[in-house]
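Asker: Just to be clear, the model below is a prediction. Sequence and coordinates:
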Amino acid sequence: MDQRVPVCSIEDIAYSWGNGFADSKKFALLHAFFSGELKVIDPLVDVSILDTPKEEEEFVRRNSTYGHHYLSSGEQVLMNSRHHAAISEYLQYGRPITVDNAHLSGAMSHLCIRKYDFREWLEKTSQPLPEFWFSAEERGIIALPKDSRQADVSAHSIGDTERASLQKQIAALALVIAEKSTKYKNGDKPNANQIAEAVSSTLDAMPDVNKRGVSSASLRASISAGIELLQGKRGTTE
């Protein structure tokens with residue numbers, strides 16, 4: 001796995017981290033998610049940037065498979081109802097009961113974890129940083145910086161200002177694409193899912209292209225972060 005990728009699916013993390021024990025890592029990640037210890041993002045919800053209850057209601061109306069559900073921690077989340085049922089039953093009974101096992105697999109490949117959230121959870125639970133996602137320099141750093149949610153501690157990372165600028169540029173391009181076709185629009189915001197899938201399809205047709213860092217999950221995360229920066233909802237050092 002490319003250590004510079006800022007977000008990965010639970011499935012990718014479990015298999016890369018598991019080293020032959022992917023099932024145990026899958027359980028650990030999902031248990032941490034439902035117990036409120038590890039932040040997990042649903043890309044479709046995340047890129048929609050739902051700021052008000054009305055926007056959430058409209059989202060649920062447009063996406064009938066989604067709803068508000070409670071985690072075992074008591075936290076209420078907006079997520080795919082079948083994914084919620086599959087994970088909840090897997091944690092309780094070892095497998096989904098009321099929904100098909102395919103929904104558990106779907107949840108694993110759809111739900112994502114940001115690198116800094118994964119690192120924060122590992123360090124809080126005194127687990128070593130795995131080399132599949134963390135460089136030697138990162139694994140040599142013990143203390144998690146206070147501003148880790150704003151900065152990547154990798155020695156090979158770009159600075160906060162440059163990252164924010166690039167994210168805003170990506171979001172601006174997404175806004176232009178959304179204005180050109182309603183297919184790439186979700187209300188008054190870019191449809192990051194559709195844009196990311198279109199980019200992936202284009203790159204897949206170009207076998208000699210270096211696709212590191214431009215997975216669908218990474219693109220969705222960058223568009224979402226850039227939109228928030230353009231709207232002034234995230235701090236920036238600019």
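Answerer: That came through, no problem. Numbers count the residues shown, from 1 in each chain.
Asker: quick one: low-confidence ranges for this structure?
Answerer: Across the chain, the ranges flagged by pLDDT under 70 are 1-4, 141-159, 212-213, 233-238.
Asker: The top helix by length along it packs against which elements?
Answerer: For the chain, the helix that runs over the most residues, judged by DSSP state H, is helix 160-180. The contact analysis (3 or more C-beta pairs under 8 Å, 6 or more residues apart in numbering; DSSP states H and E) places helix 160-180 against strand 189-190, helix 192-204, helix 216-230. Where you see a C-beta, it was placed from the backbone N, CA and C, and this is true even at glycine.
Asker: Only C-alpha atoms, please: export that helix in CSV.
Answerer: Taking Å, rounded to 0.1, in the frame of the first residue of the first chain, the C-alpha atoms of helix 160-180 are listed here in CSV:
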residue,chain,number,x,y,z
ASP,A,160,-0.2,21.9,5.4
THR,A,161,-0.4,25.0,3.2
GLU,A,162,0.5,23.2,0.0
ARG,A,163,-1.9,20.3,0.8
ALA,A,164,-4.8,22.8,1.5
SER,A,165,-4.0,24.6,-1.7
LEU,A,166,-4.1,21.4,-3.7
GLN,A,167,-7.3,20.2,-2.1
LYS,A,168,-9.0,23.5,-2.9
GLN,A,169,-7.8,23.2,-6.5
ILE,A,170,-9.2,19.7,-6.7
ALA,A,171,-12.5,20.9,-5.3
ALA,A,172,-12.6,23.9,-7.7
LEU,A,173,-12.2,21.5,-10.6
ALA,A,174,-14.9,19.3,-9.2
LEU,A,175,-17.2,22.4,-9.1
VAL,A,176,-16.5,23.1,-12.7
ILE,A,177,-17.2,19.5,-13.7
ALA,A,178,-20.5,19.6,-11.7
GLU,A,179,-21.6,22.7,-13.5
LYS,A,180,-21.0,21.0,-16.9
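Asker: Quick check: buried residues in that helix?
Answerer: For helix 160-180, burial by neighbour count (16 or more other C-beta atoms under 10 Å) applies to 160, 163, 164, 165, 167, 168, 170, 171, 174, 175, 177, 178.
Asker: Stretch 11-25 too?
Answerer: Within stretch 11-25, the residues scored as buried using 16+ other C-beta under 10 Å are 11, 12, 13, 14, 15, 16, 17, 18, 22, 25.
Asker: can you redo these as CSV with distance to residue 224 and secondary structure?
Answerer: CSV is the format used below for those (distance: C-beta to C-beta, whole Å; DSSP: H, G, I helix; E, B strand; the rest coil):
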residue, distance to residue 224, secondary structure
11, 20, helix
12, 19, helix
13, 19, helix
14, 23, helix
15, 25, helix
16, 23, helix
17, 24, helix
18, 28, helix
22, 28, helix
25, 26, helix
